[in-house]
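K.L.:
predicted model and sequence follow; I will ask about them next.
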Amino acid sequence: MTDSLLHDSSACDQAAGLLGVDQAREKLLDYIDPITEIEYLPIKDALQRIVATPVHSAIAIPPFANSAMDGYAIRHADLQAEQDTVLELVGDSFAGAPYTGRVRTGECVRIMTGAPLPEDCDTVIMQEQVQRDGRRIRIPGRACAGQNVRLPGEDIEPGTEVLQPGKQLQAADLGVLASIGQAEIGVYRRIRVAFFSTGDELCSVGTPLAFGQIYDSNRYLLQGMLTQPAIDAIDMGVIPDQREAVEQAFTDAARISDVVITSGGVSVGEADYVKDTLEKIGEVNFWKVAMKPGKPMAIGRIGDCYFLGLPGNPVSTMATFYQFALPALKKLTGQTRTQPLIVSARCLQALKKTPGRAEFQRGLLTRNDDGVLEVAAAGAQGSHILTSMSKANCFILLSAESAGVDAGDQVDVQPFYGLF
Ligand code: AMP
Ligand code: MG
């Protein structure tokens with residue numbers, strides 16, 4: 001762990017004590033040490049888990065020369081230069097039922113896609129290009145030697161490393177593992193993430209609201225964002241703004257998890273419980289990040305358990321989750337870092353902004369009839385306006401320095417697709 005994270009404030013003093021978004025993300029990532037425990041899973045259970053042990057193929061893929069087409073396997077040297085070639089059909093090679101006999105000069109074999117190429121043949125002529133008359137096959141014109149033949153090892157040579165540690169397993173990876181006959185894969189164990197909401201005003205769904213109360217939406221946001229195969233998400237409920245309750249909740253959560261994520265209770269005034277408690281049972285640093293929505297965050301540890309305190313306004317909770325918590329969780333799971341996709345789109349409207357904090361506006365990205373990417377605001381941009389997050393499919397990224405954009409300007413956009 002890096003002490004500098006918690007005690008070096010000089011790096012934070014960008015503008016009025018605010019930390020830049022990239023700087024905050026790097027500091028947080030530096031603080032996280034990936035887990036190292038490995039478990040072995042049947043490949044069908046390993047989707048989206050993180051590869052822990054390198055995988056090498058013991059075999060060549062394809063394992064044998066085979067046909068890419070339904071047609072006729074021939075000896076290329078048999079083809080006549082100036083006239084049609086007539087060959088005698090001597091057998092069939094089906095996928096799973098190869099032709100094992102010899103093929104002499106002037107002979108050919110009917111062959112199906114994926115069937116082994118007979119030893120004496122080197123070329124396949126598509127069935128559409130021949131005329132068949134009983135066992136006589138007429139091939140008009142020439143053909144390239146080796147045409148329509150898939151060679152052994154064309155995809156994977158024996159000994160090749162096909163998967164590297166840190167890769168998140170996609171459907172294609174499971175197929176690659178199966179293709180080399182590997183039934184199991186070593187992946188990092190799931191990380192346990194306990195999460196709870198804090199606030200006396202919060203009421204859980206299923207209970208009528210008293211005056212002054214609101215429903216706790218953040219726990220459901222977090223549940224949604226944490227529902228990933230590499231994460232075991234543990235819902236710890238709502239914690240009232242009471243010192244003992246907060247301390248008990250932190251202690252319980254830290255005991256059973258690798259990370260505790262909370263929302264709310266990190267803004268000035270309220271922060272005291274969280275701060276006092278974490279300082280008593282662990283360590284914590286409060287960051288003010290130059291971003292909107294967002295800004296206050298608490299980062300720390302309780303024993304071996306990391307602590308991420310996200311701001312309470314629901315859109316802030318989501319924006320800080322995606323910009324900070326998710327990259328941190330990915331690092332913790334052992335995943336190699338990947339940069340989220342950012343595309344440039346034409347902004348359909350003017351967006352107001354004052355320089356100072358980077359903004360993550362909620363946008364709707366579309367592709368117009370001319371194939372041009374366009375983006376518009378998805379609704380009101382207040383950090384409590386969750387419906388605009390619900391309507392959005394991207395963040396519109398406005399840098400800290402930006403003083404707003406005019407309609408027609410190009411803007412950077414981070415699609416939600418692939419981010420979640
Ligand atoms: P706080 O950071 O606790 O001061 O919360 C900031 C704002 O977010 C307040 O308006 C809270 O009522 C609201 N808020 C905090 N937690 C939640 C939650 N779990 N669900 C919905 N709103 C919340
Ligand atoms: Mg609160």
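P.N.:
Happy to help now that I have it. Numbering: from 1, shown residues only. Ligands and ions are numbered 1, 2, ... in the order given.

K.L.:
looking at the stretch 251-400 of the chain, what residue ends up closest to ligand 1?
P.N.:
When scored by C-beta to the nearest ligand atom, the stretch 251-400 of the chain has Gly312 as its residue closest to ligand 1, at 2.5 Å. Quick note: C-beta positions are derived from backbone N, CA and C, even for glycine.

K.L.:
ok, the closest residue to that residue other than its chain neighbours - contacts?
P.N.:
For Gly312, ignoring the flanking residues on the chain, the nearest one in space by C-beta to C-beta, 6 or more residues apart in numbering is Gly264 at 3.0 Å. The neighbourhood of Gly264, defined by C-beta atoms under 8 Å, 6 or more residues apart in numbering, consists of Ser197, Thr198, Gly199, Leu202, Asn218, Glu270, Pro311, Gly312.

K.L.:
CSV please, covering those and showing pLDDT.
P.N.:
Output for the contacts of Gly264, formatted as CSV (pLDDT from 0 to 100):
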residue, pLDDT
Ser197, 94
Thr198, 91
Gly199, 92
Leu202, 96
Asn218, 97
Glu270, 61
Pro311, 93
Gly312, 93
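
K.L.:
secondary structure, distance to Tyr99 and neighbour count added to those residues, as CSV?
P.N.:
Conversion of those to CSV gives the following (DSSP: H, G, I helix; E, B strand; the rest coil; distance: C-beta to C-beta, whole Å; neighbours: other C-beta atoms under 10 Å):
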residue, secondary structure, distance to Tyr99, neighbour count
Ser197, strand, 68, 24
Thr198, strand, 72, 25
Gly199, coil, 74, 19
Leu202, strand, 72, 22
Asn218, helix, 65, 29
Glu270, coil, 78, 16
Pro311, coil, 69, 24
Gly312, coil, 71, 23
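
K.L.:
my read: the residue of the stretch 251-400 of the chain closest to ligand 1 touches Thr262, true?
P.N.:
No - between Gly312 and Thr262 there is no contact under C-beta atoms under 8 Å: 9.1 Å.

K.L.:
so where's this protein shaky on pLDDT?
P.N.:
Scanning the chain for pLDDT under 70 picks out 1-16, 269-272, 419-420.

K.L.:
what about Pro293, how many residues nearby?
P.N.:
The criterion is other C-beta atoms under 10 Å. On that basis, Pro293 has 24 neighbouring residues.

K.L.:
repeat that for Phe360.
P.N.:
That count, for Phe360 with other C-beta under 10 Å as the rule, works out to 25.

K.L.:
what's the closest non-adjacent residue to the residue of the stretch 101-250 of the chain at minimum distance from ligand 2?
P.N.:
Among the residues of the stretch 101-250 of the chain, Gly199 lies nearest to ligand 2; the distance is 3.6 Å by C-beta to the ion. Counting by C-beta to C-beta, 6+ apart, Gly199 lies nearest to Gly264, which is 4.9 Å off, once chain neighbours are set aside.

K.L.:
so how far is Thr227 from that neighbour?
P.N.:
The gap separating Gly264 from Thr227 is 21 Å, by C-beta to C-beta, to the nearest Å.

K.L.:
so who does Asp258 touch?
P.N.:
If a contact means C-beta under 8 Å, 6+ apart, then Asp258 has Ile35, Ile191, Arg192, Val193, Asp304, Cys305, Tyr306, Leu332 as its contacts.

K.L.:
kindly recompute the last result at 6 Å.
P.N.:
With contacts defined as C-beta atoms under 6 Å, 6 or more residues apart in numbering, Asp258 is in contact with Ile191, Arg192.

K.L.:
what residues does the stretch 201-350 of the chain have near ligand 2?
P.N.:
Proximity of the stretch 201-350 of the chain to ligand 2, by C-beta under 5 Å from the ion, involves residues Gly264, Gly265.

K.L.:
got the domain ranges for this protein?
P.N.:
Here the chain is described, according to automatic domain parsing, as comprising the domains 11-36+190-332, 39-61+156-188, 66-150, 343-415.

K.L.:
quick one: the helices in the stretch 51-200 of the chain?
P.N.:
Listed in chain order, the helices of the stretch 51-200 of the chain (DSSP state H, counting those that start in this stretch) span 171-179.

K.L.:
which parts of it sit against ligand 1?
P.N.:
With C-beta under 6 Å from any ligand atom as the criterion, the stretch 51-200 of the chain meets ligand 1 at residues Ser197, Gly199.

K.L.:
got the contact list for stretch 47-60?
P.N.:
Taking C-beta under 6 Å, 6+ apart as the rule, stretch 47-60 contacts 38, 152-153, 156, 158, 160-165, 167-169, 180, 186-188, 229-230, 333-335.
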